[in-house]
Structure formats: C-alpha cells, structure tokens
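Asker: What follows is a predicted protein model with its sequence.
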Amino acid sequence: MRSLAEISKQRKQRMKVRAFIAITACKFTHWLLRVMGRGATQLPGRVANKIYPDLLGYLARDVRTIIVTGTNGKTTTSRILEETLREAGISFFENKSGANLLNGITAIFIENCTATGKPKKNTALIESDEAAFKKVGKYTDPELVLVTNVFRDQLDRYGEVTHTLNNIKTGIQNSPHAVVCLNADCSLTASLKDDIDNKVIFYGVNEPIYKHRVREESDAPYCIHCKHEYEYEYITYGHLGKYYCPNCGYSRPDPDVAVSRVFISDADHSEIEIEAAGERFKALINLPGGYNIYNGISAVAVAYALGLDVKTAVGALSNFECGFGRMEKFMLGQAAARMILIKNPAGCNQVLNFLSNISEESIFVVCLNDNYADGRDISWIWDVDFEVLAGLQDRLSLIYLSGIRADEIAMRFKYAGIDPSKIKVQKDYGKLVDAISGQDRAVYIMPTYTAMMDLRALISKRFGYKNFWE
Amino acid sequence: MSDYCLNVCHLYPDVLNLYGDTGNIICLKNRMEWRGIHCDVSNLSVGDELHAGDHDFFFIGGGQDFEQEVLLKDADENKKDDILAAIDDEKVFLAICGGYQILGKYYKTWDGKQYDFLGALDLYTVGSETRMIGNYMYTCDALDGDTIVGFENHSGKTYLGEKCVPIGKVLSGSGNNGEDGTEGCHYKNVFGCYTHGPCLPKNPAFCDMLIETALRRKYGDSISLADFPELDDTFEKNAHEYMTARLSKANADDPSR
C-alpha cells in the first residue's frame, strides 16, 4: 500500500507533467500559426485546455490579475490601464488583440510562462468577455475586477441584460479576494453590490455630458429591484446617469472616484475634472466621446483601488495609445481614415453622438457581418438612431456599405432618410479600399468585429500597417 | 399628401423594444408617407389607457422576460378589453415574438408555471429549454405563398388552436414550435409571428399588404396601393433575396435541416 503522501506527491507530479504537455502543445500551435502567417487568438488555448482543463488556474496561481469586464469599453479601458501600469513602473502582460474568451486568456498566460509553468511577469491585465468571466474569475482569483457597464449586446450570444448581469455576478462571487470597481451610473452594474461580499469602489460622472443626445431607448428603464420606472436627475447617455426609483428607493450610489466637471467634450478630446480621495485633478482624455470619459474614470478608479498614485493614473489618460479599432487612425492613400468598431446599439449610438459633432465633409463606411463573433442577429441596427445622419447630409458626401449583410445596412440607411443616391453597396473589400483611398477627405470606417479583422488584414497588406497580433 | 391617414398604435414601445422591432414602425411610416398617406404613430405604454377607436393599426414587439412581467398587469387592467374589441372590429395587428405570445391564452414555463395572457388568439405557448435561434424563412398564404424572411430567437413553442390558421409553412428554421412546420398565426386581420429582423423592411410585400388591409378596412374595398405612386424597392428586394438565396443554399447543402 502506498501512503497518502506518496499518492499526493505522485498526483502533483502528474499534474506538472500534464501542464508541461499542455503548455508545450499550446506554444507549438502558436508558433506554427505564426509561421503560417495567421493570427492566433483562440486555437493554441483550445489545444491546451483540451489537454489540461484547469491549466489557467495552475498558471495564474502566482500572478496578480486585474480583470476588466462589462459590455462596452473593455478594450479602451484596458489600453488606458496599460499606460497607467507602465507609468507606475509595474511589469505586466495582457491580452491585447481582443482574445477575451477562456481559450485566448489561457494562451496569454501560457505565453507568459516558462516551459514548467513559472510566470515570467507577475501582473496580468486581462480583458474578459462577460460570459467567460465566470470561469476566468474562478481560475485566476483576481485581485481586482472592473465592471464597465451592462448594455444589451448581441442577444443571440449573451441573452438578455439580466442574464449578462448574472454572469458577471457569478464571476465576482468566484473572485472572493477581488476589490470590485463598479459603475455607479449604470443601475444594472451598481446593483451588483447587494449580492457580493467584496470591497466595492464606485465611480461615476457627476453631471451631464452632452447638450444634445441621439434618440435612444434605455436598456434598463425599470428598477432592477421592484420593476417600477426609474426617474433621473440627469442622463449622461443610454441608461447611465443619476437614477432613482421612486417606489423602493434604490438610487445611484455616491461615487468614490468621480468626474466632477465636464469642461469640454468635442470631436477630438474631453477636458474634465476628477475627484478622488478628497483631491481634485484636471484631466485631458485623448479620445472623443462621452463613453471615453467613462473609460477614463473607470481606469482611474482601478488605479485608486490598487493603491496606485491617482495623479499618475490621471496623467495616463492623455498619454495612452488607441485600442485596436477604437478610433484608430490610418492613412489610406490620401484619405485620413479612422476605424471605429461597432457591435451593439448603445456603442453605435455613442459613435453617432461623436460623428454628429464633426464639421468637415466626410465619407462613412459601415461593414456589417453576421458571423458568430459579430452576433448572428443584425436587427440591432434598427435600434441605432441612424436618423440623426439625415440631418448631416450636407457634410456627408457618401456612405459605403460592405460586409456580409451590406444589403441590409444599405436599406437601413435608406429608411433613416439618407438620399439613396449617396448609398453605395460595395461587398468586395478590395474595391472598397480602392474607392476609399482615392478620396481626399476624412473617412470614418465602422466595421463589426470580423469585418474589422478582414479589413485590417487587407489594409495592412496593402498599406504596410502591422498585423493586429503584433 | 392625400387625405388618407392611418393611425398606428405602438404598444409598449419602451418595454417591448428588443431586436430592432421598432424598425417595423420606421418601415410602416416611411412606406405610407412615400405614397402620400399620412401616418400618425401613438406610443402607448404602462399606465396609458387604450381607446381602440382611435387607431387603425396596432403593433406589439418582443421584449426581455424581465420587462415583459412589468406589462402583464398593465395589459390586463388597462388595455385588454380594447385590444379584444379592436381585433373583433377587424383592425390590423402585427405582433412579434413576446407580443405575439401575449395575445395568446397562456404561457407555461418548462417547469410548469403558468402565466395567463390576454386570450385574444386561440393559441398557447410552452417554454422549452432550448432556444430556436437563427435566420429563417416561411411562406405567407396571404401573399399567395411568397416568402417572408427574418431572424427568430425564442424558447417558447407556440401551438395554434382551431380558431386561427398559421401565416404559412416553414421553409427553413423552426417557426412556431419546430415540430409542426407552421409559422405565425393569422386571425381576422391579426398577424402574429416570431419574425425579428425586423420583419417589415426586408419583406416589403408583407408590409404593403398590411397597409392595404388597414386602408380598405377604413376607406372601403375599392382602394388599392397600386393606385398610389410606385416605390423603388431595390434595397428591400436585395436584402430579401440575399436571405432567401442564403437559406435555400443552406437547405440544399444540408437536406436534413
């Protein structure tokens, strides 16, 4: 008979061997895909998780993990945090190219470890899909979780907002040691506090951002607790703002870290005042749009919660580089192009809020795909207030529609009141890029996720921009 | 503009507002106004009283379960009698998904809980654990068998009673329940179905049939949309035909579907 200690030792040994095989298989797959010139965001992690399902837990045991989750703003906020950590002198690794499901995250942890599973860097900045967060939280036992907001998203994948909210709740409950930063202005997100035992830091915006907002439906008009209609002292955008329920008294909690003033929010940037730890800081956010004010303040909240210098975090807001497809700038021949990922009505309406502030004559491009990663249901384009563009037609010289569902988005623009002679369907990306690059005016390209991948691949090939995974 | 006018009632637009269903209202309004027909849309929600006589056309969309519960009580207290009266009076209804289910008799969840609905249509819905989800297409008997395309996303299986007929037969996808090959319900001038997408823009013939039915009910049988300016439906047809071709190809590639 073997002793218990012996069995346990053998089991540990077996775990190590299994981890070693899984890590090696993952690294090999990764290398192979790169050699073949392919982006590798999912497959290597899938291979590893097949061999060793708890691998992420094994790899994350000595890593301090920061998780960013929520419907909108994950990537941009992560980019700001990246700058914050860098300026704070913290060495970290991250999942950069939108690989935010379990397999992609596992692969990033493998990339950061030696063949025997020792981490090379001890801090991880991880953007996690809301549904994947349940497991990612459990395995990584994060030190900090940031929830950006909860909006209705691709309904075929995520289901209803309450379903998304429950996923995030479970994820936090699986992360018992994490300090949790919650958006006080989102009635759904803020309600998480009641169901978790974690320490919570609230952040928010203390005054309205826009003078004129697009017409948009609220994703959460009714009280999460008692189903009575909310009242608002002000709305910043969507369902975000200073809400209260006249029936049960549920109301926006006072934020610990707040945007106390919005001085300017124009087509290039925002100038704000931030209040944290009893101090006030002037800040410049290097991206346009009210939603980026939220991305900024949420990043400052994370820094505050981690005990980093708030001043450094505020400085990072003006220094960070744009996220992948988040207002990224390209030169396409003569045309100055910006690429802005669209994926759901709330996000797209914020892009329109921004676009309606542009004064120069421009060309819009929308590429609508309906692959799994885009959301197979494209009906959300009818929940976006494209009608606002009908009033801007003197500044809008042309709209190109492309992608798998180009016909549908073209029809949407017709029904939004755009002159049909300005609506051009071009399903061939090569010809589309030809048409754009011959223009000498600003071009705003709005693709869904897989359309963005395809377009970027073509653009990097033709104009020499680096591949997204580099 | 002509003297023709249809008053459209959008029921619970702030609650039943999922999956772009409001695009149906955008479509109705535009297709009437392009022809010179006035279109007045009234939004009626929780707490508002409904007067059936004020409206010629009723639209109800789909919503989230969480929010659907909010309106059941209100529908029962403030709107049920007028909805029943309007249906009896042959007013035109388009009800999608959750709105379609609510016009039926009841909804039974998969674990046996029963919610009583308005009982305006002879049908009931039973929840299932699997979702019927994806692009789909079916024939429409009221359009002489022309196709309707859209996106279905429901876990409820709907079964029709004897007093109503389906809109048509499923060509691809699940339809009412994924079992009997039917989709939707047609009773008097009420059309209920699972067609998100939204339904009307890429099925312009269906939209026009509904408009014409409402006009005839109000102004007499001699009225025809053919007497109004013809619309250029190139964009609509492209969107419709793209999906019929894609689903037909998927059917041909995989006959077991």
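Answerer: Okay, I see it.

Asker: what about stretch A:186-202, how long is it end to end?
Answerer: Start to finish, the residues bounding stretch A:186-202 are 10 Å apart (C-alpha to C-alpha, to the nearest Å).

Asker: So is that stretch next to chain B?
Answerer: No. Using C-beta under 8 Å from any C-beta of the partner chain, stretch A:186-202 stays clear of chain B, coming no nearer than 10.4 Å. For the C-beta atoms, the positions are set from N, CA and C on the backbone; glycine is no exception.

Asker: and that stretch, which residues are buried?
Answerer: Across stretch A:186-202, burial judged by 16 or more other C-beta atoms under 10 Å in any protein chain shown covers A:186-193, A:196, A:198, A:200-202.

Asker: How about stretch A:453-467?
Answerer: Under 16+ other C-beta under 10 Å, the buried positions of stretch A:453-467 are A:M453, A:D454, A:L455, A:R456, A:I459.

Asker: Save those as a markdown table, and put in pLDDT too.
Answerer: Formatted as a markdown table, the buried residues of stretch A:453-467 follow (pLDDT from 0 to 100):
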| residue | pLDDT |
| --- | --- |
| A:M453 | 88 |
| A:D454 | 91 |
| A:L455 | 91 |
| A:R456 | 87 |
| A:I459 | 88 |
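
Asker: show me where the stretch 351-470 of chain A has helices.
Answerer: A:406-415, A:429-437, A:449-463 (DSSP state H, counting those that start in this stretch).

Asker: shaky segments in chain B?
Answerer: B:1, B:65-69, B:255-257 (pLDDT under 70).

Asker: how about the residues of it that lie near chain A?
Answerer: B:14-15, B:17-23, B:26-27, B:30, B:46, B:64-67, B:69-70, B:133-135, B:151, B:153, B:196-198, B:201-202, B:232, B:235-236, B:238-239, B:242.

Asker: List only buried entries from the residues you listed.
Answerer: Here, 16+ other C-beta under 10 Å leaves B:14-15, B:17-23, B:26-27, B:30, B:46, B:64, B:66-67, B:70, B:133-135, B:151, B:153, B:196-198, B:201-202, B:235-236, B:238-239, B:242 buried among those.

Asker: Widest-spaced pair of the buried residues of stretch A:186-202?
Answerer: A:S187 and A:N198 (19.1 Å; C-beta to C-beta).

Asker: ok so, going back, ok, of the buried residues of stretch A:186-202, which one's closest to B:G173?
Answerer: A:L188 (31.5 Å).

Asker: Look at the residue lying closest to the closest one once chain neighbours are set aside and say how many residues are nearby.
Answerer: Among residues not flanking A:L188 along the chain, A:V150 sits closest, at 4.1 Å (C-beta to C-beta, 6 or more residues apart in numbering or on different chains). For A:V150, the neighbour count with other C-beta atoms under 10 Å in any protein chain shown is 30.

Asker: The one 10 residues further on now?
Answerer: Other residues within reach of A:E160, judged by other C-beta under 10 Å, total 17.

Asker: What of A:G333?
Answerer: 14.

Asker: ditto for A:L306
Answerer: 21.

Asker: what's the distance between the closest residue to chain A within the stretch 51-200 of chain B and A:Q393?
Answerer: In the stretch 51-200 of chain B, no residue comes nearer to chain A than B:Q64, which is 4.2 Å away by C-beta to the nearest C-beta. Taking C-beta to C-beta, to the nearest Å as the measure, B:Q64 falls 35 Å from A:Q393.

Asker: Could you look up the next helix or strand downstream of the helix or strand harbouring B:M209?
Answerer: Assessed by DSSP states H and E, B:M209 sits inside helix B:204-219. Downstream of helix B:204-219, the next assigned helix or strand under DSSP H and E is helix B:234-253.

Asker: Now do that following helix against helix B:204-219: the angle between them, please.
Answerer: For helix B:234-253 against helix B:204-219, the angle by axes from the mean of the first three to the mean of the last three C-alpha atoms, to 10 degrees is 120 degrees.

Asker: on that earlier part again, my guess is the residue nearest to A:L188 meets A:N72, correct?
Answerer: No. The criterion here is C-beta atoms under 8 Å, and A:V150 misses it with A:N72 at 9.1 Å.

Asker: For residue 153, which three-state class applies?
Answerer: With no chain named, the answer covers chain A. Here A:D153 is coil, with the state taken from DSSP: H, G, I helix; E, B strand; the rest coil.

Asker: Let me rephrase: I mean chain B.
Answerer: Per three-state DSSP, B:N153 ends up strand.

Asker: Chain neighbours aside, what residue packs nearest to it?
Answerer: Using C-beta to C-beta, 6+ apart, the closest residue to B:N153 is B:I133 (4.8 Å).

Asker: backbone phi and psi for the one you found, please?
Answerer: phi -150, psi 130 (degrees, to the nearest 10).

Asker: Tell me which stretches of the stretch 201-350 of chain A form strands.
Answerer: A:231-237, A:240-244, A:257-265, A:270-276, A:279-285, A:326-332, A:335-340 (DSSP state E, counting those that start in this stretch).

Asker: Pop the domain breakdown of chain A in here.
Answerer: A:62-319, A:326-463 (automatic domain parsing).

Asker: Kindly reformat those domains as TSV containing distance to B:G127.
Answerer: Formatted as TSV, the domains of chain A follow (distance: least, C-beta to C-beta, whole Å):
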stretch	distance to B:G127
domain A:62-319	14
domain A:326-463	20
